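> what shape does this take:
(one chain, ligands or ions: 1)
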Amino acid sequence: MYPVLGDNLARFPELLQVARDFAAREVAGLASRPVAYLGPPPMAEPLPSAGAGTEGALARFAERWAPGFSASAGPRYLGFVVGGATPAAVTGDWLASVYDQNVSGAGDSSAIDLERETLGWLRELLGLSDAHSGAFVTGATVSNAVGLAIAREWLGERLGVSVSDEGAAALGPIEILSGAPHSSIGKALSMLGIGRNRLRRVPLLPGGREAVDVTRLAAALDELDGRPAIVVANAGTVNTADFDDLRAIAALKRQYGFWLHVDAAFGGFAALSPPYAHLVDGLDAADSICLDVHKWLNVPYDAGVQFTRWQDLQVRVFHNASPYLGHPGDVPDFLHLTPENSRRLRALATWFTLTAYGRDGHREIVERNIALAGSLGEQISAVAHLRLLAPVRLNIVCFTLAGNPDEDRVRVAARAVAASGEAFVTPTVYEGQHALRAAFSNWRTSETDTDRVLDALVEATKP
Ligand SMILES: Cc1ncc(COP(=O)(O)O)c(C=O)c1O
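Okay, here's the model as predicted:
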């Protein structure tokens with residue numbers, strides 16, 4: 001064995017302790033370090049010939065790379081929709097590496113059953129019936145792609161074509177309708193050979209809403225004259241966390257018989273909070289559902305989940321049958337259900353956090369985030385040089401600078417906030433206006449953090 005490797009094998013437990021001590025220091029400093037790093041990356045170095053050992057690697061990482069890492073796991077990083085990582089989730093994630101299970105198939109480990117148990121818990125958390133089965137994937141983009149891949153197979157079945165055998169071209173143009181879909185839906189359509197341009201935008205409700213106008217959706221479905229279609233409903237939009245009326249869309253589904261895919265990447269977690277759970281009423285009627293756990297469940301990247309009522313079609317799309325991998329049976333292995341073949345035990349971090357904090361603990365995180373977003377929204381309304389653009393419906397605050405800011409002014413403002421080291425928010429366009437958004441989804445964020453975020457926003461955007 002290579003000498004450094006032999007030494008590291010002999011001292012593996014000791015090295016884990018060294019890593020633990022380093023990680024503990026990083027975690028302790030998370031809330032006080034700059035939230036974002038805007039400097040240049042370190043100078044590139046050549047591939048080492050001689051190995052430095054784990055301690056040597058850690059020292060070089062600490063010196064060269066760690067200082068430039070953002071505090072995106074910390075409490076004042078409000079960009080995109082970024083969760084942190086709870087202590088239990090980090091523990092589960094570490095152990096996923098330690099055990100290094102390949103949850104592609106059954107036969108040599110109970111790990112696959114842990115993933116199934118975790119999926120069952122998430123199903124219960126969302127209030128789904130057991131008609132839905134699920135699988136872990138890397139995130140919402142892949143979950144959306146998997147859901148739409150199954151939808152594509154379903155369309156083929158309606159039109160007498162096997163898409164998985166003949167290819168997407170055999171289907172001809174596909175009808176796909178949505179109000180305010182996340183950009184990952186377009187990406188999924190591109191990956192699936194359906195094409196981004198097939199996505200037909202249905203008008204939204206008036207008054208700055210990002211929820212689809214269900215009457216207009218019904219009219220668009222009428223125009224299809226019975227041609228099979230996919231409807232993508234949105235449960236939590238990135239600008240204003242708006243929700244389509246899933247119950248009304250489910251009623252349309254009974255009438256028109258389309259495939260209903262719901263992107264509930266972060267909005268699905270509204271189910272945890274009784275005052276907000278009605279936002280996901282009707283979710284169970286979906287044919288496929290996207291949920292991200294690296295967002296509001298606060299497990300480390302990367303982890304998302306997809307659910308579907310159509311596991312048989314899912315197997316048709318994703319099966320990877322061979323003599324050495326086995327064939328999908330009545331309870332298909334995950335390798336027959338997801339784009340990946342070899343798979344990390346992503347479920348372990350989710351299992352740990354759900355076990356450690358339960359439904360009640362995660363409900364508290366969601367409700368605290370919602371309350372803090374509401375309070376930041378109120379305080380922004382009172383700042384003369386800022387303008388709240390939409391009511392805070394859930395956990396996202398969408399605002400802009402007073403006047404009519406162009407893209408440059410908004411980008412400069414976002415950069416100034418990041419440069420303060422105190423907070424991080426991301427630019428967007430909402431209703432044609434250049435804007436900023438602050439998304440609350442981190443388990444650590446407190447009222448004090450929110451005050452610091454407000455101070456940083458006010459200071460960095462001063463005219
Ligand atoms: C509603 C929604 N769908 C999909 C995504 C894509 O998620 P991911 O980055 O995990 O692929 C996001 C990310 O913010 C989202 O908010």
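> contacts, neighbours, all on C-alpha from now
OK.
> run through the residues of the stretch 201-350 of the chain sitting next to the ligand.
Residues of the stretch 201-350 of the chain lying near the ligand by Cα under 6 Å from any ligand atom: 236-238, 263, 265, 292.
> what sits opposite the residue nearest the centre of the chain in the beta ladder?
Taking Cα atoms, centre = their mean as the criterion, Asp292 is the residue nearest the geometric centre of the chain, at 3.6 Å. Counting by DSSP bridges, Asp292 forms beta bridges with Gly304.
> and it, how far is that from Asn395?
15 Å (Cα to Cα, to the nearest Å).
> cool, and Phe269?
Taking Cα to Cα, one finds Phe269 at 11 Å from Asn395.
> can you check Ser183 too?
From Ser183 over to Asn395 the distance is 19 Å, taken as Cα to Cα.
> which one's more surrounded, those two?
Asn395 (29 against 11; other Cα atoms under 10 Å).
> can you classify the closest residue to the more buried one other than its chain neighbours by secondary structure?
Leaving aside its chain neighbours, Asn395 sits nearest to Ile370 (4.7 Å; criterion: Cα to Cα, 6 or more residues apart in numbering). Of the three states, Ile370 takes helix according to DSSP: H, G, I helix; E, B strand; the rest coil.
> just Ile380 next, same as before
Ile380 falls in the helix class when you classify it by three-state DSSP.
> ok, it touching Asp455?
No: at 10.2 Å, Ile380 does not count as touching Asp455 under the criterion of Cα atoms under 8 Å.
> neighbour count winner among these two?
Ile380 (21 against 14).
> Ala241: what secondary structure?
What three-state DSSP gives for Ala241 is coil.
> now Pro274
Going by three-state DSSP: Pro274 is coil.
> now do the one 5 residues further on
With three-state DSSP as the basis, Leu279 sits in helix.
> run a quick neighbour tally on it.
Applying other Cα under 10 Å, I find that Leu279 has 22 neighbouring residues.
> go on, Leu16?
Leu16 has 12 neighbours, counted by other Cα under 10 Å.
> helix, strand or coil for the nearest residue to Gly282 once chain neighbours are set aside?
Spatial nearest neighbour of Gly282, excluding adjacent residues (Cα to Cα, 6+ apart): Arg247 at 4.4 Å. Under three-state DSSP, the three-state class of Arg247 is helix.
> how much space separates Arg247 from Glu175?
Taking Cα to Cα, one finds Arg247 at 21 Å from Glu175.
> related to what we said a few turns ago, ok, the residue nearest to Asn395 - contacts?
Ile370 is in contact with 394-395, 440, counting by Cα atoms under 8 Å, 6 or more residues apart in numbering.
> how close does it sit to His278?
In terms of Cα to Cα, Ile370 sits 15 Å off from His278.
> repeat for Gly257
Taking Cα to Cα as the measure, Gly257 and His278 are separated by 24 Å.
> in the stretch 301-450 of the chain, which residue sits closest to the ligand?
Scanning the stretch 301-450 of the chain for the residue nearest the ligand gives Gly304, at 6.6 Å (criterion: Cα to the nearest ligand atom).
> count of neighbours near that residue?
Neighbours of Gly304 (other Cα under 10 Å): 26.
> list the contacts of it.
Applying Cα under 8 Å, 6+ apart, the residues contacting Gly304 are 136-140, 142-143, 290-294.
> in the stretch 1-150 of the chain, mark out all the helices, start to finish.
Using DSSP state H, counting those that start in this stretch, the helices of the stretch 1-150 of the chain run over 3-10, 12-29, 53-64, 87-99, 111-126, 140-159.
> also the stretch 251-400 of the chain?
Under DSSP H, counting those that start in this stretch, the stretch 251-400 of the chain gives helices at 311-318, 347-381.
> other SSEs contacting the first one?
With contacts defined as 3 or more Cα pairs under 8 Å, 6 or more residues apart in numbering; DSSP states H and E, the packing partners of helix 311-318 are helix 140-159.
> run the last query once more with 10 Å
Other elements packing on helix 311-318 under the criterion 3 or more Cα pairs under 10 Å, 6 or more residues apart in numbering; DSSP states H and E are helix 140-159, helix 163-166.
> tell me how far Leu325 lies from Leu272.
38 Å.
> isn't Thr426 right up against Val412?
No: in this structure, Thr426 is not within contact of Val412 by Cα atoms under 10 Å, at 11.0 Å.
> which one's more surrounded, the two?
For Thr426 versus Val412, neighbours defined as other Cα under 10 Å are more numerous around Thr426 (22 against 14).
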